[in-house]
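> Provide a 3D model corresponding to the input given below.
(chains A and B)
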Amino acid sequence: MAEPAKSEEKIISDIGLDVGISKLTDDRIEKEINSVIKNETGARLKTYVETCIHCGLCSEACHYYLSHDNDPRFSPVGKVKQTMWEMLRKKGKVSPDFIKKAAIIAHTECNLCKRCAQYCPFGIDIAYIITVVRRIIHRLGCTPQYIQDTAHSHSVTMNQMWVKGDEWPDTLQWQEEEAQAEIPTLRIPLEKEGADIMYSVIAPEPKFQAQLIYQAAVIMDVACVNWTMPATMGWDNSDMAMFTGDNEIMGRIKRAHYETASRLKVKRIVMGECGHAFRSVYDMGNRWLGWQMPPIPIVHAIDFYYEILKEGRIKIKKKYETPVTLHDPCNVVRGGGLHEKARYVVNAICENLIEMHPNREHNYCCCAGGGVINCGPPYKMTRINGNRVKAEQLFAVKARGAKTLIAPCHNCHSGLEDINHHYGIGQEIKFIGDILYEVMEKPEVEEGEKE
Amino acid sequence: MHDLYNFVTGPLAWAAFIVFIAGSLYRLINMLYLVNKKEKFIYTYMSFKYSFRSIFHWITPFATVNWQRHPVLTIVTFAFHICLIITPVFLLSHAILWDESWNISLWALPDGVADIMTLVVVGSCIFFLVRRLVLPEVQYVTSASDYVILAIVAAPFITGFIAYNQWINYQLFMILHIISGEIMLVAIPFTRLSHMLFSPFTRAYMGSEFGGVRNAKDW
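Predicted coordinates:
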């Protein structure tokens, strides 16, 4: 296994951060901090900060803390001390260097996974406090470059990956044709008004994981779902602006998403296996727009698979034999309570589910979520070193036989892939959809028809 | 000495209770005012069921994962908080004061039990102090105020114990006991001892979010 990250002081070059910091003045910092705290926060921040009794009981909740040999700098409250407490104590009179440090902590050393909220006896929402720090960093123009670029993409194209207007329907058509080789009657219905379901994905799917759209189309087709995808903007449910503290952009992209669904007059939005997008559509974006709960019911892929399997709309030909383990993504489990449904689905399609520990709401985060992986290559080792405990958890479950790791979330998938490689765990990582597609009964196609 | 005693048990006691009650109300009203003004959405998510589900778990020893992970701390913290509240209210000498001043007759603790409970509070304070000094994750986030509030809480119990046992200068320690008790009352609304007021609300809100939105356990 790799060395624990003791040499954390290694200088990381990040143009977004460095240039942003170089333009700061003490006055501007003071003004923006106090403006955010005065105008955008209220009882929550004040009560949280004044109620915290400095007991340190949140520490063991954090995978960064555990992975850095219990270094208190990485405990949830330790991160608040290094950021928000100082800003409040000095009434915003902090230096550009402090802001740089705060940006690195808030953006790359906290996944906003909210595990600490389950460990604080008072239920203090530390992730919320870190979100306020990110908001300040955003207002100061010091957000790390890669994730800022993603937010720019959202702003310009309403999707995360600069997918251009024509590339989207093009990709869908391409996947439709691919899938027709398997099921000749299969369609990916575009702009079908009044369909039951609008299926939405995150932009990395059309950009470089188009096979996931193929698989989803096959699942929809076999389950005889009346579904559609939009041909316009609003198809992307992802949201990095939520993580940069750019709430205005978050509001715009979520509005585009809901409005597209409402234009298509669908009953529900079903979304792919993504965690942060679920947080955005189900928890954050709707609230920013003034909806207590999403204006159109949101169904995460796990929930959708549960539904079609339970109703018998998909039959399983032969269960997946390799022993699997299941990673509970924070945003859909701690954020949406889908853990038991995920187990139902996994047990329905796999022979042998071996639980990792801790699991369900108490699972360790993948260390990629919360926008951390989106801060890009400069911080790859921050993630990997910051989650040694995940590697240990995976080694332990692998020792008990689990060769395949199911991660029903895009961020988790990518983050765990890095951990898998770096620590040499040697598990194969799959989405639920990958396995479901593999083991489900599909209409038999005559040999001759295949080509 | 008698004048001083009369002063601390008379006007100063009144002042302390008024500041404690008025201050606590002020802090709570101010919190609710802020919620109304800027975060009204919180009310939409508050749920009695999930608030109490969460509070119930966290006020029950070992009912949460984190309490289970720290058995010694859990025992100490529950014993501490129970004794901290029960002892001053039901101590025999205090029960007499309640009766003399307000004609309220309360059940009183046997003296021997009260002695033990007092020592539990003092011992717990020492435990918390050592914890602050020794554990890196606690030490890292400790500031001077943390020691001060610990001293504020321990003082009335230490002085009261010395006075009750009449080891040295009874009158002086009686007066110190009363003053330190008054300081503690005044400190509750205006220091982080205010977690006594706020923690039910923060817990309830997190419980409501986890129960109503997140469909997950927050313990």
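> for A:Ala217, what are its contacts?
Counting by Cβ atoms under 8 Å, 6 or more residues apart in numbering or on different chains, A:Ala217 touches A:175-176, A:179, A:186, A:188. In short, each C-beta sits where N, CA and C put it, glycine included.
> what mean pLDDT does the strand or helix carrying it have?
Assigned by DSSP states H and E, A:Ala217 belongs to helix A:210-222. Helix A:210-222 comes out with an average pLDDT of 97.
> now do stretch B:192-208
Across stretch B:192-208, pLDDT averages out at 97.
> residues contacting it, please?
With contact meaning Cβ under 8 Å, 6+ apart, stretch B:192-208 is reached by A:44, A:47-48, A:50-54, A:117, A:121-125, B:24, B:27-28, B:31, B:42, B:45-47, B:50-55, B:58, B:145-146, B:149, B:152-153, B:184, B:187-189, B:218.
> so where do the helices sit in the stretch 351-451 of chain A?
A:380-385, A:388-399, A:410-423, A:432-439 (DSSP state H, counting those that start in this stretch).
> ok, the stretch 101-250 of chain A next?
Along the stretch 101-250 of chain A, the stretches classed as helices by DSSP H, counting those that start in this stretch are A:126-139, A:145-157, A:167-180, A:204-208, A:210-222, A:241-244, A:247-263.
> residues contacting the residue in the stretch 151-300 of chain A positioned nearest to chain B?
Of all residues in the stretch 151-300 of chain A, the one sitting closest to chain B is A:Gln292 (5.0 Å; Cβ to the nearest Cβ). By Cβ under 8 Å, 6+ apart, the contact list for A:Gln292 reads A:286, B:41, B:44-45.
> the residue of the stretch 251-400 of chain A found nearest chain B in helix, strand or coil?
Nearest to chain B, among the residues of the stretch 251-400 of chain A, is A:Gly337, at 2.5 Å (Cβ to the nearest Cβ). What DSSP: H, G, I helix; E, B strand; the rest coil gives for A:Gly337 is coil.
> which SS state does the spatially closest residue to it that is not a sequence neighbour fall under?
Excluding the flanking residues, the one nearest A:Gly337 by Cβ to Cβ, 6 or more residues apart in numbering or on different chains is B:Asn215, at 2.5 Å. Secondary structure assignment for B:Asn215 (three-state DSSP): coil.
> give me the number of residues near B:Asn215?
B:Asn215 has 16 neighbouring residues, counting by other Cβ atoms under 10 Å in any protein chain shown.
> list the contacts of it.
Residues in contact with B:Asn215 (Cβ under 8 Å, 6+ apart) are A:336-338.
> 10 Å instead, please
Residues in contact with B:Asn215 (Cβ atoms under 10 Å, 6 or more residues apart in numbering or on different chains) are A:333-340, A:361.
> now B:Thr142
Listed by Cβ under 10 Å, 6+ apart, the contact set of B:Thr142 reads A:54-56, A:81, B:131-133, B:135, B:150.
> equivalent analysis for B:Gly23, please.
Contact partners of B:Gly23, counting by Cβ under 10 Å, 6+ apart, are B:185-190, B:194, B:197.
> per-residue pLDDT of it, please?
You'll see B:Gly23 listed with a pLDDT of 98.
> circling back: ok, and the most crowded of the contacts of A:Gln292?
Within these, most neighbours by other Cβ under 10 Å means A:Asn286, with 21 neighbours.
> what's the closest non-adjacent residue to that residue?
According to Cβ to Cβ, 6+ apart, the nearest residue to A:Asn286 is A:Pro294 (4.7 Å).
> wasn't that neighbour part of a helix?
No. The assignment for A:Pro294 (three-state DSSP) gives coil, which keeps it out of a helix.
> I figured it hits A:Tyr282, correct?
Yes. Counting by Cβ atoms under 10 Å, A:Pro294 touches A:Tyr282, with 5.8 Å between them.
> list residues touching both of those two?
Residues touching both A:Pro294 and A:Tyr282 (Cβ under 10 Å, 6+ apart): A:Ile269.
> please, where are all the helices along chain B?
For chain B, the helices defined by DSSP state H occupy B:2-9, B:11-38, B:41-45, B:48-58, B:65-69, B:71-90, B:92-102, B:111-134, B:136-139, B:144-165, B:170-190, B:195-208.
> export the shortest one as PDB, just CAs?
Output for helix B:136-139, consisting of C-alpha atoms alone and laid out as PDB, is shown next (Å, rounded to 0.1, in the frame of the first residue of the first chain):
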ATOM      1  CA  PRO B 136      -5.100  15.700  19.400                       C
ATOM      2  CA  GLU B 137      -8.400  16.100  17.600                       C
ATOM      3  CA  VAL B 138      -9.900  17.800  20.600                       C
ATOM      4  CA  GLN B 139      -6.800  19.800  21.400                       C
END
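> export stretch A:71-85 as PDB, just CAs?
This file holds the C-alpha atoms of stretch A:71-85, laid out as PDB (Å, rounded to 0.1, in the frame of the first residue of the first chain):
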ATOM      1  CA  ASP A  71      -4.400  14.100  11.700                       C
ATOM      2  CA  PRO A  72      -6.700  16.700  13.400                       C
ATOM      3  CA  ARG A  73      -6.200  19.100  10.500                       C
ATOM      4  CA  PHE A  74      -8.500  16.800   8.500                       C
ATOM      5  CA  SER A  75     -11.300  16.400  11.000                       C
ATOM      6  CA  PRO A  76     -14.500  18.000  10.000                       C
ATOM      7  CA  VAL A  77     -14.400  20.500  12.800                       C
ATOM      8  CA  GLY A  78     -10.700  21.000  12.100                       C
ATOM      9  CA  LYS A  79     -11.600  22.100   8.600                       C
ATOM     10  CA  VAL A  80     -14.200  24.500   9.900                       C
ATOM     11  CA  LYS A  81     -11.600  25.900  12.300                       C
ATOM     12  CA  GLN A  82      -9.200  26.600   9.500                       C
ATOM     13  CA  THR A  83     -11.800  28.300   7.300                       C
ATOM     14  CA  MET A  84     -15.100  29.600   8.700                       C
ATOM     15  CA  TRP A  85     -14.100  30.200  12.300                       C
END
